Structures are given as structure tokens and as C-alpha cells.
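S.K.: Need coordinates for the below:
(one chain, ligands or ions: 1)
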Amino acid sequence: MFEIVLSLCMVGQPDLCETRLLPTAAQTCADAMARVEMIEPDWGADLVADGYDCVARPQTALTFDEIAPGLYVHHGLVADVAPENLGDVANIGFIVGGESVAVIDAGGSRAIGEAVYLAVRAVTDKPISHVILTHMHPDHVMGADVLAEAGARVIGHRKLPQALAARADTYEANFARLIGPGFIGSRVPDEVEAMETDQEIDLGGRVLDLVARETAHSESDVTVFDRQTATLFTGDLVFDEHSPALDGSVLGWLRVLDALGTPVPSRIIPGHGGPVLDWPDGVADLRRYLEVLRDETRAAVADGLRLGEAIDSVGQSEAARWTLFDLFHQRNVTAAFTELEWE
Ligand SMILES: [Zn+2]
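M.R.: Sure thing, here's the model as predicted:
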């Protein structure tokens, strides 16, 4: 558990300090500093550790709303990852059962994981038995270690452990660069249980159904259905307001969108936007985007366009409909083009 509260300040900017709860196991101030330098060597000279005796709590408080009995949702910012948001750009949920709590996704940094832990503790003392990661992307997984240290099992798609292991260095380096010193102590979780089959998790009189999906948004998408309230957590299989991001298969994603309706959810919690959407109206914009992407990419291939030409033309009718379109759309066209080029 957590016994060290470390405060790190930027040299020359003493007002810019970050505090972190660090696990007891072999963690010292020096270890923590070494880890910072491993992730981002440039920071070493700029950071001063303020000792362990700092009593400050993590600075980031996250708001969770109880949107159904015992079911809490945090609305992540619809924004790119940045120092001021510490990677708080994806929705996070937790569900309280009779015996224990399950957390769904864990945010983009250890700081966010700490804030999730504290938010759960503000509601209940029941143990956090599970952290369910809806997929591999760093804005959803970097806070998971905090909850694992608090005793939770981290669980995900059968392909998740391998997918994370293969990308850990890249994800950590990218997020370190985007977030800066606020990323301290964060890392990709390395003890993730793979779901060999779909699973039921019983929190004590409250059962969650975890379903592993075919490659869609990513190769590691899992949905979580709370039977008591028929609430479906979709992870990034549903985007709202925030530009969709395709890192899997556009054809698979369209199939999975249809499959999300069985059993019929009373509401859905998307990975970005919302955070509470009606079914099926809440996925209409995403479905239209994916159909435009599929159809116009196929047309570009049929017309003999090269990828660079397709990027400039495909899906431009969608530009005004999504926040962060410019950040994600070109990559989506590249992914769709690669998928559909040889079909
Ligand atoms: Zn994602």
C-alpha cells in the first residue's frame, strides 16, 4: 500500500510541484527519481525531490457522478493529453456491489489513478477487487498500478497483456513527453490477467458481464455490462463529440457496433464524450463517421488514389462534427486505407 508521499518540484519554479502516493515496496525517493530519469532523462536536472515528509494529498480531484444506483462515472476531458490535465482525457467508472468494487479504466497517469482510488474511498470502504481495462490505449491504463497496489486484479482482453508489453516503452515515452513531470511514477501495468473467455464478475449480488470483442477500435476491446442497471461501458468502441480513433479494423468496428445492442442496454458509457448516452441514438454519429470512412476509402482505392491523396479527400464532410478531428482523422484514413486496399 501507499506510505510514501513524494513531492517533486521544478527547479526555478518552486510553485510547480507534483505530489504522488508511491508504493512502499522498495520505493524510495531515489528510486522514484531514477524512474523519472529513465522515462525522461531531460527532467532529471530540473526536478528536486522534496522528501517523503510532505503531507500533501494528490492535487487532482476527480468528480464522479452516481448516474445509477451504485454506479459512478467520471467525464474525462474532451482534449489532447497535456500537462494541465495529467492525462484525464478518458471516461472512468466504478461499480459498487455488495462485497466489492470494480473500476472500469484508470486514466492516463498515476496521478489520475490516485484520484480514482480516493474517489472510490469517498464513497465506500469495500475493497476494490477488479480494475477492468477496456483496451490497451495509454489514456485508459496508466493509472491501473495504483489500484493494483490497493489489491485489485487488473483484467482485460486476451490480447491485452501482449499488446501492452509490445507498446509499453512507446506509450510511456509519449505520455511522459505530453504530460511532463506530472507523469512521475506512471507506467503501463505489467500484471494484467488475460480473459481467455467472456467472464462474469460477481461483486456480491451484482454481476458484471465482460465481453471480449473482435478487433474493432483496437485489437483488445472489452465491454462491461452491469446487469442490475443494464448499463453498458463500451470503452472506445463508442466515441461522442471527441474524434473517433481507429487503431484496429473499420469493418470489425461496424460489426461490433451492431453487437453492442445485445442485450439491449438502458444506457451506454462511451470512452470519450457523453458520459451517459442513450442506446442506440448515442452511437448514430459514430456509425455515420465509420460508414463514411469505409465507403469513401473504398471509393478512393477503386479510383486508384494513393494513400496521400486519400488522406486529403476521405471523410472531409465529417471535419466540423468532431472535436480533435485534425489530430486523429488522418491516422484513421491511413488505417482504413491499409485495411481496405487489398479486400
Ligand atoms: Zn482508445
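S.K.: Not counting residues beside it along the chain, what's closest to residue 161?
M.R.: Here the nearest residue to residue 161 in space, its sequence neighbours aside, is residue 192; by C-beta to C-beta, 6 or more residues apart in numbering that works out to 4.7 Å. Glycine gets a C-beta too; all of them are placed from N, C-alpha and C.
S.K.: could you list every residue that touches that neighbour?
M.R.: 133, 144, 154, 155, 156, 160, 161, 164 (C-beta atoms under 8 Å, 6 or more residues apart in numbering).
S.K.: again, 10 Å this time
M.R.: Residues in contact with residue 192 (C-beta atoms under 10 Å, 6 or more residues apart in numbering) are 131, 133, 136, 141, 144, 148, 153-157, 160-165, 220.
S.K.: And those, which of them are buried?
M.R.: With burial judged by 16 or more other C-beta atoms under 10 Å, the buried subset of the contacts of residue 192 is 131, 133, 136, 141, 144, 148, 153-157, 160-161, 163-164, 220.
S.K.: Out of the residues you listed, list just those in helices.
M.R.: 141, 144, 148, 160, 161, 163, 164 (DSSP state H).
S.K.: Just give me the least confident of those residues.
M.R.: The lowest pLDDT within those belongs to residue 148, with 92.
S.K.: Next up, the contacts around it.
M.R.: So residue 148 contacts 23, 106, 113, 128, 131, 154, 189, 190, 191, 192 (C-beta under 10 Å, 6+ apart).
S.K.: again, 8 Å this time
M.R.: Applying C-beta under 8 Å, 6+ apart, the residues near residue 148 are 131, 154, 189, 191.
S.K.: can you tell me how far it sits from residue 104?
M.R.: Relative to residue 104, residue 148 is positioned 15 Å away (C-beta to C-beta, to the nearest Å).
S.K.: Residue 75 now?
M.R.: Residue 75 is 14 Å from residue 104, by C-beta to C-beta.
S.K.: Which one's more surrounded, those two?
M.R.: Counting neighbours by other C-beta atoms under 10 Å for residue 75 and for residue 104 shows that residue 104 has the greater number, 27 against 19.
S.K.: for the ion, what are the nearby residues on this structure?
M.R.: Residues of the chain lying close to the ion by C-beta under 5 Å from the ion are 137, 236.
S.K.: quick one, domains of the chain?
M.R.: 2-49, 65-282, 288-340 (automatic domain parsing).
S.K.: Low-confidence regions, the stretch 51-200 of the chain specifically.
M.R.: The stretch 51-200 of the chain contains residues with pLDDT under 70 at 51-60.
S.K.: Looking at it, what residue ends up closest to the ion?
M.R.: residue 137 (3.4 Å; C-beta to the ion).
S.K.: That residue and residue 236 touch, don't they?
M.R.: Yes. Using C-beta atoms under 8 Å, residue 137 makes contact with residue 236 at a distance of 6.7 Å.
S.K.: Tell me who's in contact with the closest residue to residue 217 other than its chain neighbours.
M.R.: Distances taken as C-beta to C-beta, 6+ apart place residue 236 nearest to residue 217, at 4.5 Å, with adjacent residues excluded. The neighbours of residue 236, taking C-beta under 8 Å, 6+ apart as the test, are 90, 134, 135, 137, 140, 217, 218, 221, 245, 270, 271, 272.
S.K.: Run a quick check on the first one versus residue 108, I expect a contact.
M.R.: Yes. The pair residue 90 and residue 108 qualifies as a contact (C-beta under 8 Å) at a distance of 6.8 Å.
S.K.: what residues do the two have in common as contacts?
M.R.: Joint contacts of residue 90 and residue 108 (C-beta under 8 Å, 6+ apart) are 139, 140.
S.K.: of the contacts of residue 148, closest to residue 83?
M.R.: residue 189 (22.4 Å; C-beta to C-beta).
S.K.: For that closest one, which residues are in contact?
M.R.: 133, 141, 144, 145, 148, 154, 164.
S.K.: now swap in residue 254 and tell me
M.R.: Residues near residue 254 by C-beta under 8 Å, 6+ apart: 287, 290, 291, 294.
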